[in-house]
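[1] Fold the following.
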Amino acid sequence: MHKLDRSVATPPTCLAKYDFKTHRWSDLDGPCKKQLRFALFQMQGIPGITGEDAKEYGLRCAYCQGAIRSEGHIEHFRRKNSSHLNGYPELTFAWENLFLACHSNDHCGHFKDRSGGPAYNPDHLLKPDEEDAEAFLYFHSSGSVAPREGLSPADKHRASETIRVFGLDNRSLIGAREKAVIKYREMLRTDLEELASWDEESRREYMREEIETTRWEPYASAIKDFFLLR
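    Numbers count the residues shown, from 1 in each chain. Predicted structure coming up:
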């Protein structure tokens, strides 16, 4: 999960045409979906990116940070199903309730609201456009994820619930994060002798530059945590 900035995106004006009382989500037309997807991509904060080159820079899931290979799943943070105990039909077309997620059924949005899934309280989840999940979640170079040390009991619960409900500890995600880190681990091994000759501040600056360079990559939070420990 990565921090998203809704303030840098242009809210899709077309959403105002739809009312949850008279429309269903399936009524959303193609042009509006396209406008919405790009607005959700803008929330990643990559400067100067237009709709034409968005895919070149890489769509990433709001929850797992994995690359989105297709157009992505427009995900409702608070589920829209009116028949569900925790359903919020009034938020069906609410801009602030929408995120771009991957299509996996084993983690993220589809997993969160799967049929027969365990109950959860959305107020106990980290919301990517409101909280910086990096302050709550620690990604080990092995690909595993856990609540950060030193959190308050309430924040530790939210971190644990976010991992559980979105399936961020799914085996495939653990493997993908580890794979993302491996190439940087090998890079550091190659440069180890040279880095050892640098002073502490130069090494820290090197790590900061690598973190900045990789900030738009899939699983950037795992890569960042790896460099922060070097």
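[2] For this protein, which segments count as strands?
    With DSSP state E, the ranges of strands along the chain come out as 73-76, 98-101, 137-139, 145-147.
[3] right, and those strands - which one's nearest Glu205?
    Using C-beta to C-beta as the criterion, the shortest distance between Glu205 and the strands of the chain is 22.4 Å, found for strand 137-139. C-beta coordinates here come from the backbone N, C-alpha and C atoms, glycine included.
[4] Contacts for that closest one, please.
    Strand 137-139 has contacts (C-beta atoms under 8 Å, 6 or more residues apart in numbering) with 1, 126, 145-149, 159, 162-163, 168, 177, 219, 221-222, 224-226.
[5] Look through the protein and tell me its longest helix.
    helix 171-196 (DSSP state H).
[6] Quick one: low-confidence residue ranges for the protein.
    Regions of the chain meeting the criterion pLDDT under 70 cover residues 48-58, 192.
[7] For stretch 94-101, buried residues please.
    Neighbour counts using 16 or more other C-beta atoms under 10 Å place Trp95, Asn97, Leu98, Phe99, Leu100, Ala101 of stretch 94-101 among the buried residues.
[8] which ones are touching Ser141?
    Applying C-beta under 8 Å, 6+ apart, one finds that Ser141 lies in contact with Glu178, Val181, Arg185, Ala222, Asp225, Phe226, Leu229.
[9] so what's the fourth one up against?
    Just to be clear, that refers to Ala222. Contact partners of Ala222, counting by C-beta under 8 Å, 6+ apart, are Gln65, Phe139, Ser141, Gly143, Arg177, Ala180, Val181.
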